[in-house]
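Student: Need a 3D model of the sequence below.
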Amino acid sequence: MMKTRPICMRALSLVALVSLAPRCAVIDAMGGEDTDNVDGTSSLTFLALSAGDYFTCGLTTDHTLVCWGAPEPDVGVTDPPAGTFDALGAGSYHACAIDTGGGLTCWGSNAGGQSLPPPGQSFVEVSGGAYHSCARDDAGGLLCWGTPNDSASTAPSGTFVSADAGGGNFGCAVRNDQTAACWGNNDDGRATAPVGNFTSVSAGFAHACAITTNSTLRCWGNNLNGQTGAPVGAFRAVSAGGAHTCALTMSGDLACWGANFLGEARPPTGKFVSVTAGGSHACALTAEGVAHCWGDDRHGESTPP
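Tutor: Here you go, the predicted model:
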């Protein structure tokens, strides 16, 4: 079967010094077979991982940051700041982290102001989108920043237990009452959250998935590559990527679906404790803190140190 090439779709038009596209979405109606797949295994050990478009960042067990891959053009996203941190979140071409004092630091592309976080607050969770970023403070409030007057940079009011800025120009979050809320671009219904009760949510390039309170999956938005066709079963984590999705079963096994042109939907076997999906790759952590990555490795994003 002839396969189409991955196409990076611009989330919004910007006049900026650096013009960058958000997470790559593979444009093909059938999903396709993979042409490249690796199982890159780290020598370092990590507490957390977060995958961007063509790069991955990890929080090591000594609370320092390490990033790998080589996005084009080079915007410095694989050169994280020094210091000690407790959380991180990768966007399309930038990343942000929360230091041990609760402060925010971002690096990489700043084409929409997404790498200029607000000062003076204490945060517990952060995530990056295309040209925006969002963080949740220790009181459950949500704050987003980036392209001025863009709906993705305007966070909804209320208190939340989890949030994800997404890879495109939208974001989703779970409120304290376990309902889901999404904001920003609503093409394909990506920002129209389903009715129900949820524990966590993940926003990808043009789709989103959430885990219900009974541990099942609900996905919505663009389904051109089957990325919203979630499997049946019980899950404890989910991550929406460019045009694929990966989830972690209750027993610690990985399941991925959607676009598979570069092996991004063909995860390794084994037991894992977390998973993160990027543009056309994904990574997961074992209980021992070993990182495994698979899918696109053309920029080194699936070869952890």
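
Student: CA atoms for contacts and neighbours, from now on please.
Tutor: Noted.

Student: Walking through the stretch 151-300 of the chain, point out its strands one by one.
Tutor: The residue ranges that make up the strands of the stretch 151-300 of the chain, judged by DSSP state E, counting those that start in this stretch, are 160-164, 170-175, 180-184, 198-203, 207-212, 217-221, 235-240, 244-249, 254-258, 274-277, 281-285, 290-295.

Student: what distance separates the fourth one from the centre of its chain?
Tutor: Using CA atoms, centre = their mean, to the nearest Å, the mean C-alpha position of strand 198-203 is found 12 Å from that of the whole chain.

Student: how about low-confidence regions in this structure?
Tutor: Judged by pLDDT under 70, the chain has its weakly predicted residues at 1-37.

Student: and for the top strand by length along it, what are the contacting residues?
Tutor: For the chain, the strand with the greatest residue count under DSSP state E is strand 40-51. Contacts of strand 40-51 with the rest of the structure, by CA atoms under 8 Å, 6 or more residues apart in numbering, involve 56-61, 63, 87-91, 274-279, 281-285, 288-294, 302-305.

Student: Could you give me the ChimeraX syntax to select whichever of those residues are buried?
Tutor: The following ChimeraX selection, which keeps only the buried ones among the contacts of strand 40-51, applies the criterion 16 or more other CA atoms under 10 Å:
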select :56,57,58,59,60,63,87,88,89,90,91,274,275,276,277,278,279,281,282,283,284,285,289,290,291,292,293,294,302,303,304
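
Student: tell me what the helix or strand harbouring residue 136 is packed against?
Tutor: Under the criterion of DSSP states H and E, residue 136 resides in strand 132-137. Applying 3 or more CA pairs under 8 Å, 6 or more residues apart in numbering; DSSP states H and E, one finds that strand 132-137 makes contact with strand 123-128, strand 142-146, strand 160-164.

Student: Looking at those strands, which one is packed in the most?
Tutor: The highest average neighbour count among the helices and strands packed on strand 132-137, using mean count of other CA atoms under 10 Å, belongs to strand 123-128 at a mean of 26.

Student: tell me the phi and psi of residue 69?
Tutor: Per-residue torsions, residue 69: phi 110, psi 180 (degrees, to the nearest 10).

Student: Name all residues that make contact with it.
Tutor: By CA under 8 Å, 6+ apart, the contact list for residue 69 reads 54, 55, 56, 78, 299, 300, 301, 302, 303.

Student: Please report how far residue 114 lies from residue 253.
Tutor: Residue 114 sits at a distance of 34 Å from residue 253 (criterion: CA to CA, to the nearest Å).

Student: correction: residue 163
Tutor: Taking CA to CA, one finds residue 163 at 24 Å from residue 253.

Student: Tabulate the helices and strands packed on strand 132-137 (CSV), appending distance to residue 213.
Tutor: Conversion of those to CSV gives the following (distance: least, CA to CA, whole Å):
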stretch, distance to residue 213
strand 123-128, 21
strand 142-146, 22
strand 160-164, 13
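
Student: what's the closest of these to residue 172?
Tutor: Between residue 172 and these, the tightest spacing by CA to CA is seen for strand 160-164, at 5.5 Å.

Student: Show residues contacting that closest one.
Tutor: Contact partners of strand 160-164, identified using CA under 8 Å, 6+ apart, comprise 125-128, 134-136, 140-142, 171-176, 199-203.

Student: filter those residues to the buried ones?
Tutor: Members of these that pass the buried threshold by neighbour count (16+ other CA under 10 Å) are listed as 125-128, 134-136, 140-142, 171-175, 199-203.

Student: just to revisit the earlier point, could you check which of residue 114 and residue 253 is surrounded by more residues?
Tutor: residue 114 (29 against 17; other CA atoms under 10 Å).

Student: quick check, nearest of the contacts of residue 69 to residue 186?
Tutor: When these are ranked by distance to residue 186 (CA to CA), residue 54 comes first, at 24.7 Å.

Student: So that closest one sits against residue 278, correct?
Tutor: Yes. The pair formed by residue 54 and residue 278 meets the contact definition of CA atoms under 8 Å, at 7.4 Å.

Student: Overlap in contacts, those two.
Tutor: With contacts taken as CA under 8 Å, 6+ apart, not a single residue reaches both residue 54 and residue 278.

Student: Residue 258 against residue 231, yeah?
Tutor: No. Contact between residue 258 and residue 231 fails when scored by CA under 8 Å: they sit 10.9 Å apart.

Student: In terms of neighbours, single out the busier of these two.
Tutor: Higher neighbour count among residue 258 and residue 231: residue 258, with 26 against 14, using other CA under 10 Å.

Student: Spit out the contact partners of the more buried one.
Tutor: 31, 225, 226, 227, 228, 229, 243, 244, 245, 265.
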